[in-house]
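Colleague: quick one, fold the following:
(one chain, ligands or ions: 2)
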Amino acid sequence: MSIRAVNLCHVYGQGTALEQYALKNINLEIGDGQFIGLIGHTGSGKSTLIQHFNGLLKATSGELFYNGENICAPGYDMKKLRSKVGLVFQYPEHQLFEVDVFSDVCFGPKNLGLSEEEIRERAEEALSLVGLDESYYKQSPFELSGGQKRRVAIAGVLAMHPEVLILDEPTAGLDPKGRDEILGEIEKLHREKNMTIILVSHSMEDVARYADRLIVMNHGEKMFDDTPRNVFRHYRELEAMGLAAPQVTYIVQALREQGIPIDDGLITVEEARDAILRLVGKEPAAGSRKVDAAEEREELAAEAGKKAPAKDGGNSPLSPDGAELTETAGKDEG
Ligand SMILES: Nc1ncnc2c1ncn2[C@@H]1O[C@H](COP(=O)(O)OP(=O)(O)OP(=O)(O)O)[C@@H](O)[C@H]1O
Ligand SMILES: [Mg+2]
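Modeller: Ligands and ions are numbered 1, 2, ... in the order given. Got it, this is the predicted structure:
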């Protein structure tokens, strides 16, 4: 899988008084299995850009290639492109329209011409991936909460078995638990199914934690395209664009200004916690891994489950092995 944009431009209302340059000469390449955070001030062109990736918007000039094929070329199979590049809209209610949740998730696979059996299997699998059980199947998608609607919208896209999953602010308006759960599920799809993820977000904390590459938009232009660590080193420039670095970056800077020798590339709470512990002569207990809140909850629950029988007199071995903890450490190093 690869997406390549070459001098991509988009102008809304071209030739009218309302003409607006939303994208200016965007050049980028996205490879298989990346987890990309797309950030930028409001109106910077994020939603416009991602709608080009699945052919919903057509470039005013420039080109876009999917797996090396120009998607603007005559005869290009847009339907196939949309099944490979799944887009969850900024406002999920815009993509729900069936009478019940299950039919809504079946809509995409039905259009692929699959058998009834396969459509049902895909819908069940997708709904379970986003944590919606059978009690939701017959509910109207319009009677769900914002977070639940978003899960249905994500399931509808996952049921297409896309190669790329693009999510436009999937956590906007969710409570912290809902946010961690959705991001945890996305991270799991990335990790277990090697799905390419493009996450549009206004949360610097979220992109610092999950993405391994950040693309920063500013007034329709691509300003930075690098690892989160390197991008957040430019926090002053980001501030000038109406953005910021994760809050922990500012704590680290304040410590450095006081002459405390702490690495200036720390962007997650866990990394800063471990560095501060080392500075005061303590070894971080749980290892220097990047903690995924949803994963952590799962582990705690699993651990509680394993320990429970021990209380009843069993002699179950102590659980999670250190090997797994160190394996995930430093995922976005470099
Ligand atoms: N349908 C449209 N018609 C005309 N102009 C539009 C349309 N959609 C977006 N724009 C303009 O294009 C620019 C980029 O908009 P876009 O929605 O891509 O920004 P964004 O980065 O997604 O912002 P946000 O963070 O608020 O979602 C903005 O100036 C916006 O006003
Ligand atoms: Mg947007």
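Colleague: switch to C-alpha atoms for all contacts and neighbour counts from now on
Modeller: Fine.
Colleague: for ligand 1, what are the nearby residues on the chain?
Modeller: If contact is defined as Cα under 6 Å from any ligand atom, the residues of the chain in contact with ligand 1 are 12, 22, 41-48.
Colleague: farthest pair within those?
Modeller: Maximum pairwise distance in the residues of the chain next to ligand 1, criterion Cα to Cα, is 18.2 Å, between 12 and 41.
Colleague: which one of the two has more residues nearby?
Modeller: residue 41 (18 against 14; other Cα atoms under 10 Å).
Colleague: for the more buried one, what are its contacts?
Modeller: Contacts for residue 41 (Cα atoms under 8 Å, 6 or more residues apart in numbering) come out as 202, 217-218, 241-243.
Colleague: again, but for residue 276
Modeller: Neighbour list for residue 276: residue 262 [criterion: Cα under 8 Å, 6+ apart].
Colleague: which of the contacts of residue 41 count as buried?
Modeller: Listed as buried from the contacts of residue 41 are 202, 217-218, 241, 243; burial here means 16 or more other Cα atoms under 10 Å.
Colleague: which residues touch the residue in the stretch 151-300 of the chain that ligand 1 sits nearest to?
Modeller: Of all residues in the stretch 151-300 of the chain, the one sitting closest to ligand 1 is residue 220 (6.8 Å; Cα to the nearest ligand atom). By Cα under 8 Å, 6+ apart, residue 220 lies in contact with 21-24, 44-45.
Colleague: stretch 173-192: how far from the chain's middle?
Modeller: Relative to its chain's centre, stretch 173-192 lies at 8 Å (Cα atoms, centre = their mean, to the nearest Å).
Colleague: what is the mean pLDDT for that stretch?
Modeller: For stretch 173-192, the mean per-residue pLDDT is 90.
Colleague: one more: stretch 84-101?
Modeller: The average of the pLDDT scores along stretch 84-101 is 91.
Colleague: ok now that stretch, how far from the chain's centre?
Modeller: Mean-position distance between stretch 84-101 and its chain equals 16 Å (Cα atoms, centre = their mean).
Colleague: one step back: lowest pLDDT pick from the contacts of residue 220?
Modeller: For those, the weakest pLDDT value sits at residue 21, with 95.
Colleague: that residue pairs with what?
Modeller: residue 11 (DSSP bridges).
Colleague: quick one: it and residue 12 touch, right?
Modeller: Yes. Using Cα atoms under 8 Å, residue 21 is in contact with residue 12, at 6.5 Å.
Colleague: list just the nearest of the buried ones among the contacts of residue 41 to residue 73.
Modeller: Nearest to residue 73 among the buried ones among the contacts of residue 41, counting by Cα to Cα, is residue 217 at 26.7 Å.
Colleague: thinking again about what came up before, would TSV of the contacts of residue 220 with neighbour count be doable?
Modeller: Formatted as TSV, the contacts of residue 220 follow (neighbours: other Cα atoms under 10 Å):
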residue	neighbour count
21	17
22	20
23	26
24	19
44	20
45	22
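Colleague: reformat those residues as TSV; add distance to residue 255.
Modeller: Shown next, in TSV, are the contacts of residue 220 (distance: Cα to Cα, whole Å):
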residue	distance to residue 255
21	42
22	39
23	39
24	39
44	32
45	35
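Colleague: between the residues you listed, which is closest to residue 237?
Modeller: Nearest to residue 237 among the contacts of residue 220, counting by Cα to Cα, is residue 44 at 15.1 Å.
Colleague: now the strands for the chain?
Modeller: Ranges of strands in the chain, per DSSP state E, are 3-12, 20-30, 35-40, 61-66, 69-70, 85-88, 164-168, 196-200, 213-218, 221-226.
Colleague: the inter-axis angle of the fourth one versus strand 3-12?
Modeller: Using axes from the mean of the first three to the mean of the last three Cα atoms, to 10 degrees, the interaxial angle of strand 61-66 with respect to strand 3-12 works out to 140 degrees.
Colleague: contact partners of strand 61-66?
Modeller: For strand 61-66, contacts defined as Cα under 8 Å, 6+ apart pick out 1-10, 25, 52-53, 70-72.
Colleague: same deal with the first one?
Modeller: Contact with strand 3-12 is made by 18-31, 48, 53, 58-68, as judged by Cα under 8 Å, 6+ apart.
Colleague: just give the nearest non-adjacent residue to residue 102, would you?
Modeller: Nearest residue to residue 102, sequence neighbours excluded (Cα to Cα, 6 or more residues apart in numbering): residue 137, at 4.7 Å.
Colleague: if I look at that neighbour, how far off is ligand 1?
Modeller: Remark: distance between residue 137 and ligand 1 (Cα to the nearest ligand atom, to the nearest Å) = 30 Å.
Colleague: quick one: pLDDT of residue 285?
Modeller: pLDDT for residue 285: 77.
Colleague: count of residues packed around it?
Modeller: For residue 285, using other Cα under 10 Å, the count is 8.
Colleague: list the residues that contact the nearest residue to residue 126 once chain neighbours are set aside.
Modeller: Once flanking residues are discounted, residue 126 sits nearest to residue 155: 4.8 Å by Cα to Cα, 6+ apart. Residue 155 sits next to 105, 123, 126-127, 129-130 when contact means Cα under 8 Å, 6+ apart.
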